[in-house]
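1. Provided below are the primary sequence and the corresponding predicted coordinates.
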Amino acid sequence: MDFTRDNIIQLHKRIVQFGNENFAQIEKLNLDPNDELDSTYVGMILRQITINNDLASLMHNKNHGYHTSEFILLRCLIDDFLHISYIINQPNSEEVIVNFNADALEKNFKKIYDLAILNEETLGGNYPFYPTYALMEEVKEKMKNSPKRQQHFSDKENFKFKTFKNTGQIIRELKDESYSHSLRRAYFIWRKLSDFVHYSNTAFEEEQMIDPEKDSTYTEFAEIISYSYFTILNCFKHFQKRYNLEIIDTNNLSQYYKNTEHRN
C-alpha cells in the first residue's frame with residue numbers, strides 16, 4: 001500500500017482512540033500512584049496517546065516540506081517499543097521494570113550533579129539555577145530515605161542504583177527469540193532517525209532529499225505507528241492480567257496489525 005499524509009494522520013488518530021478507550025478503563029481502577037508496575041505501564045500508555053495525538057496535529061497543520069519534528073517524535077515511539085517489547089519478554093519482567101526506572105533515576109541524578117561540578121569548580125559556586133554540592137547531598141539523602149526509592153538501590157549506602165541495558169546492548173545481546181527480529185528491524189529505523197535529534201549538515205542534506213509523496217517515508221511512518229499500537233497493547237496486557245480488564249478495539253486494530261510484526 002502507498003500511504004498518503006491523510007492515511008498517516010488517520011493511523012495516528014486510531015492509535016489515540018485505541019489508547020484512550022483502554023486508558024478510560026484503567027482510570028476507573030483508582031490505582032496507587034506509588035505502585036511501580038502500574039505507574040510505569042500507565043505512563044507509557046499516556047505517552048503513546050500524547051505523541052500520536054501531537055503527530056496527527058503536526059501533520060494536519062503542516063505548511064512546509066520538512067519533517068524533523070516528526071522524525072524526532074517517531075523515534076520516541078520506537079524507543080518505547082524497544083524497551084517495552086524487551087521488558088515483557090523477560091522471565092523476570094517485574095524486576096526489569098524496577099531496574100529500568102532505577103537506571104533512569106541514576107542518570108537523572110548524574111546529569112544534575114554534573115551541573116553542580118561545573119558550578120562549584122568553574123562558576124564560583126553561585127551560578128543562577130545551578131545546584132551546589134551541598135544541595136546535591138540533600139537530594140541524595142532524601143532519595144536514600146524515601147520509601148519509594150528503596151527498591152531502586154543496589155547499594156544504598158554508596159548511592160548505587162540497579163542498572164538497565166542501553167538500547168544498543170539490548171539489540172546486540174538478543175538471542176533468536178520470536179520477538180528478536182522485530183526489535184532488530186525497529187532498531188535500524190531508530191538509528192536512522194537518531195541523526196535528526198541533533199542538528200548537523202548531514203541530517204539537513206538528508207532531509208532535503210526526502211519526498212514522502214514519492215518515496216517510502218510514509219510507509220516507514222506507518223510501520224512506526226504499528227510499533228506504538230503494540231506498545232499500548234503490551235502495556236495494557238499488564239492491567240488485563242492483574243485487574244481482569246478486557247481490551248477495547250473499536251477499529252479492529254488487532255486484525256489490521258495482525259501480520260505487521262517482523263519475524264525471522
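-> Looks like it came in fine. Numbers count the residues shown, from 1 in each chain.
2. all strands of the stretch 101-250 of the chain, in order?
-> For the stretch 101-250 of the chain, strands defined by DSSP state E, counting those that start in this stretch occupy the ranges 153-155, 160-161.
3. what's the domain layout of the protein?
-> Following automatic domain parsing, the chain resolves into domains at 1-89+178-264, 93-176.
4. Buried deepest among the ones you listed, which one?
-> Across the domains of the chain, averaging neighbours per residue (mean count of other C-beta atoms under 10 Å) puts domain 1-89+178-264 on top, at a mean of 16. In short, each C-beta sits where N, CA and C put it, glycine included.
5. Which neighbouring elements make contact with the helix or strand where residue 25 lies?
-> Using DSSP states H and E, residue 25 sits in helix 5-27. Here helix 5-27 touches helix 36-60, helix 217-243, helix 253-256, going by 3 or more C-beta pairs under 8 Å, 6 or more residues apart in numbering; DSSP states H and E.
6. any chance of these in JSON lines, plus distance to residue 148 and mean pLDDT?
-> Converted to JSON lines, the helices and strands packed on helix 5-27 look like this (distance: least, C-beta to C-beta, whole Å; pLDDT from 0 to 100):
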{"stretch": "helix 36-60", "distance to residue 148": "9", "mean pLDDT": "98"}
{"stretch": "helix 217-243", "distance to residue 148": "19", "mean pLDDT": "97"}
{"stretch": "helix 253-256", "distance to residue 148": "35", "mean pLDDT": "96"}
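7. Could you dump those helices into JSON lines with distance to residue 168 added?
-> Output for these, formatted as JSON lines (distance: least, C-beta to C-beta, whole Å):
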{"stretch": "helix 36-60", "distance to residue 168": "21"}
{"stretch": "helix 217-243", "distance to residue 168": "18"}
{"stretch": "helix 253-256", "distance to residue 168": "30"}
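8. can you tell which of the strands of the stretch 101-250 of the chain is closest to residue 6?
-> Smallest distance to residue 6 across these (C-beta to C-beta): 45.7 Å, for strand 160-161.
9. Identify all contacting residues around that closest one.
-> Strand 160-161 is contacted by residues 102, 103, 105, 106, 152, 153, 154 when judged by C-beta atoms under 8 Å, 6 or more residues apart in numbering.
10. Mind checking the pLDDT average for that strand?
-> Taken as a whole, strand 160-161 carries a mean pLDDT of 98.
11. Partner strands of it, with direction?
-> Next to strand 160-161 in the sheet, as set by DSSP bridges, lie strand 153-155 (antiparallel).
12. what's the offset of the strand it pairs with from the middle of its chain?
-> On the basis of C-alpha atoms, centre = their mean, to the nearest Å, strand 153-155 sits 25 Å off its chain's mean C-alpha point.
13. What of stretch 230-242?
-> The answer for stretch 230-242 is 15 Å, by C-alpha atoms, centre = their mean.
14. what's the answer for stretch 209-226, then?
-> 20 Å.
15. Quote the end-to-end distance of it.
-> With C-alpha to C-alpha, to the nearest Å as the measure, stretch 209-226 spans 25 Å from end to end.
16. What of stretch 171-179?
-> Stretch 171-179 end-to-end distance (C-alpha to C-alpha) = 11 Å.
17. quick one: contacts of it?
-> Contacts with stretch 171-179, where a contact means C-beta under 8 Å, 6+ apart, come from 82, 85, 89, 165, 180, 183, 184, 187, 263, 264.
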